[in-house]
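> generate a structure from the sequence data that follows.
(2 chains)
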Amino acid sequence: MPGPRLGGSQLLKGTTPLLVLTVIGDGELYGYEIARQIRDRSGGAFAPSEGSLYPTLHQLEQEGALTAAWRDSERGPRRRFYQLTPKGEKLLEASLEQWTSFARSVERVALGEGSHG
Amino acid sequence: MADPERQATTDDYLARVAAGLHLPEPNAGDVRAELAAHLADATAALIGEGLTPEQAEREAIARLGSPDVLADGLRRAQQTRRRLLAGVGGGMWAAAGHGIGGTLLGYGLLMAVGLSIAVLGAVLNRVIGFDWSLDVSVPYQAWTTTLAAGAMCIGAFLGARRAAHATAARSLRSVREIGPWWALGGSVVLGAWILFILRMPLGWPAVGALMFIPASFAAGATVMIERPGPRIRMRHILLAAVVGFVLPVVLLFGVSAQVGGTLSEVRSGPYASADEMWRAQHFDLIGRRPPDDVAAAFGAGGYSAEGGLIAPYVEVTSAIDLSAWHDLRFEAWRRPSGDISPDPNFRAPFVTAPAELQGTRLQATLRVDRTPGVIYYGLVLTGVGPDGERYLLSGPNGGQTAFVGTIWEWFTAQ
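Residues are numbered from 1 along each chain as shown, chains lettered A, B, ... in the order given. You can find the predicted model right below:
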C-alpha cells in the first residue's frame, strides 16, 4: 500500500516568491510571461498556480521588492511589467541563500550524505 | 474579432473577481486590466497549442482558479497595515474637516429654516391671528444649544460619511467594510464627549438633540454608504455663515433678556395693604415681611454675574444692629416669566449662600446654572430675626439663567 506522498503543489508552496523574484531578476516581465518562464525554465516541473501568482506579485510589490508599471507590449494589450527593486534584489539573495541551505539539508537527510559520526 | 460569447465568459469571470476585491475603482480597474491581459495571452497560447477558442478560454480561466479565491488573495496582498493606518489618519482628517464644515452648513440651513418659520408665523399671525412661540419652559440658551446640536448632527452625518470613504480609499478596503468600524468608533468617542465633556446650556430638547449626534454619525457611516455625500466647499460655508450668523445678528440686535425689580416696585399694586400684597405675591414662602425700619436699614443692592456665577450684595446702614440677626443668607428662588415674585409651586430656594459682611456690604456668591429647569430666578437676602422667624430683608433682584453642564450632570441633577 502506498504511503503518504508530498504533492508537487506542497513542495512548490512557499517557493513561489523565490521563483518569481528569480525570473524577474533577469529582466522586467509581466504576469503571464513570469508564469511561462517559470514553467519553461523548470522544464515543465514547476507550473505555479496562476491564481496564486498575481497575489504573490502584488504582495511583493506592496513589500517594496517589486515595482510595476503599465507599458505597451510587443503583442496585444498593455501589460503591467514588474521590475526588481534594490530591496527585491536583497530579498532574492537572502531567499536563495535560505533555499540553498534548506535544499542541502534536505539532501543530506534524504540521500544519507554527510558525516555519520 | 473577439467572439461575443467568449467575451461574455471572460467578462463574467473578471466581474466576479472585481466584485470580490472590494477595492476602490482605480485599483480594481488595474487588477481587472491585468487579469484581462493575462487571459488574452493564455487563451492565444492555448489556441496555438491546438485548442478551440472556447476550450482555450475555459482552460485559461480554469488555470486562474476560483474568482473568489483569487479576489481574496489579491485583496489581502494590497491591504497592508501601513495603508490602514494612513486610511485611519485620512479618515480622521476628513471627519474633522467635513464635520466642522457640515456643522456650519447645518447651522446655516437650520437658521434659514427657523427664520422662514418665524416669517411664516408672523405672516399667519397678521393674517389669521395665529399665535405661535417657542416653549417658554425651556431657556432660550437651551434652544440655542438645540440649534447647535441639530447642526452638529448634520456635521456628524457628513463627517462620518467622508471619513469612511477616505479610509476606504486609502486602505484599499470597501467602504461597506470600513463604515461599521467608523460608526462604532465615532459614536463611542462622540457619545463620551457629549455625555461627559461638552458643557452647554441644556433643556430637554437640547439633551435629545445632543444625544442624537452619535446616532447621526453612525448613520452617516453606514446608511447608503456607497454614496460619498456632498463635498463641502468654502462657498457653502460662506453662505451658511451669512445665513446662520450675520442675518440673525442683524435681526436680533439689541434684544435683551435681563429683567429686574425691587421690593419698592412690588409694593405698588392694587392691594389694600402691604401684608395682603406680601401673601398675594407669595413672598410669604420666602419669609416674613420685615418692619419698615428694618427694611429701610437694608439699602441699595444688586448683583454681578459671570456666566452662572452670581455675586449679590446689599448695602447695610448703621441703623440696624446685625448682631441681633443670624443666618443671614442670599437665596435664589424660581420665579415665573415676567414676574419677580417667587413661583408658588416651589417651597424652597434652589440655591443659597451665607451672606458675609465686608465693610458695609453683605455679599455672597451663588451658582444658578446647576439646577435643571430653572430659567427665571429672584435673588433675595433673608435672615432670622430676634424673634426666631425668617424675614425677607432685601430683594428680589431678577435674572435669567439656564442649566449649564454635561448631559451626565443634567441627568444626575434631576
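
> C-alpha only now, for contacts and for neighbours.
OK.

> and for B:Gly97, nearest residue in space, chain neighbours not counted?
Distances taken as CA to CA, 6 or more residues apart in numbering or on different chains place B:Gly159 nearest to B:Gly97, at 7.2 Å, with adjacent residues excluded.

> elements contacting the strand or helix carrying that neighbour?
Secondary structure from DSSP states H and E places B:Gly159 in helix B:140-171. For helix B:140-171, the packing partners by 3 or more CA pairs under 8 Å, 6 or more residues apart in numbering or on different chains; DSSP states H and E come out as helix B:81-128, helix B:175-192, strand B:200-202, helix B:204-222.

> show me what the first one is packed up against.
Under the contact criterion of 3+ CA pairs under 8 Å, 6+ apart, the helices and strands touching helix B:81-128 comprise helix B:140-171, helix B:234-241.

> follow-up on the earlier one: just give the number of residues close to the residue nearest to B:Gly97.
Number of residues near B:Gly159 (other CA atoms under 10 Å in any protein chain shown) recorded here: 32.

> so how far is B:Ala95 from it?
Separation of B:Gly159 from B:Ala95 (CA to CA, to the nearest Å) stands at 4 Å.

> same check on B:Asp11?
To B:Ala95, B:Asp11 is 37 Å away according to CA to CA.

> between the two, who's got more neighbours?
Remark: of B:Asp11 and B:Ala95, B:Ala95 carries more neighbours, 28 against 14, as counted by other CA under 10 Å.

> how close does the more buried one get to B:Leu190?
12 Å.

> count of residues packed around A:Arg108?
Neighbours around A:Arg108, by other CA under 10 Å: 13.

> so it lies in a helix, does it not?
Yes. When DSSP: H, G, I helix; E, B strand; the rest coil is applied, A:Arg108 is found to be in a helix.

> where does pLDDT dip in chain A?
For chain A, the stretches flagged by pLDDT under 70 are A:1-13, A:48, A:75-76, A:113-117.

> what residues sit buried inside the top strand by length along chain B?
Selection of the longest strand in chain B by residue count, based on DSSP state E, yields strand B:390-400. Neighbour counts over strand B:390-400 (16 or more other CA atoms under 10 Å in any protein chain shown) mark B:390-400 as buried.

> need the residues of the stretch 151-300 of chain B near chain A, please.
With the criterion set to CA under 8 Å from any CA of the partner chain, the stretch 151-300 of chain B never comes near chain A.

> which stretches of the stretch 151-300 of chain B have low pLDDT?
In the predicted model of the stretch 151-300 of chain B, residues B:247-269 satisfy pLDDT under 70.

> if we go to 90?
For the stretch 151-300 of chain B, applying pLDDT under 90 flags the ranges B:168-177, B:224-281, B:290-300.

> between the helices and strands packed on helix B:81-128, which one is nearest to B:Leu379?
Nearest of those to B:Leu379, taken as CA to CA: helix B:140-171 at 20.2 Å.

> got the angle between the closest one and helix B:175-192?
Per axes from the mean of the first three to the mean of the last three CA atoms, to 10 degrees, the angle that helix B:140-171 makes with helix B:175-192 is 150 degrees.

> what's the angle from helix B:140-171 to helix B:204-222?
When the same axes, to 10 degrees is applied, the directions of helix B:140-171 and helix B:204-222 differ by 10 degrees.

> measure how far helix B:140-171 is from the centre of its chain, please.
10 Å (CA atoms, centre = their mean, to the nearest Å).

> relative to strand B:390-400, how tilted is it?
Using the same axes, to 10 degrees: helix B:140-171 against strand B:390-400 is 50 degrees.

> now do the buried residues in helix B:140-171.
B:140-143, B:145-171.

> returning to that earlier point: so the residue nearest to B:Gly97 is in contact with B:Thr103, correct?
No. The pair B:Gly159 / B:Thr103 is not scored as a contact, 9.1 Å apart, by CA atoms under 8 Å.
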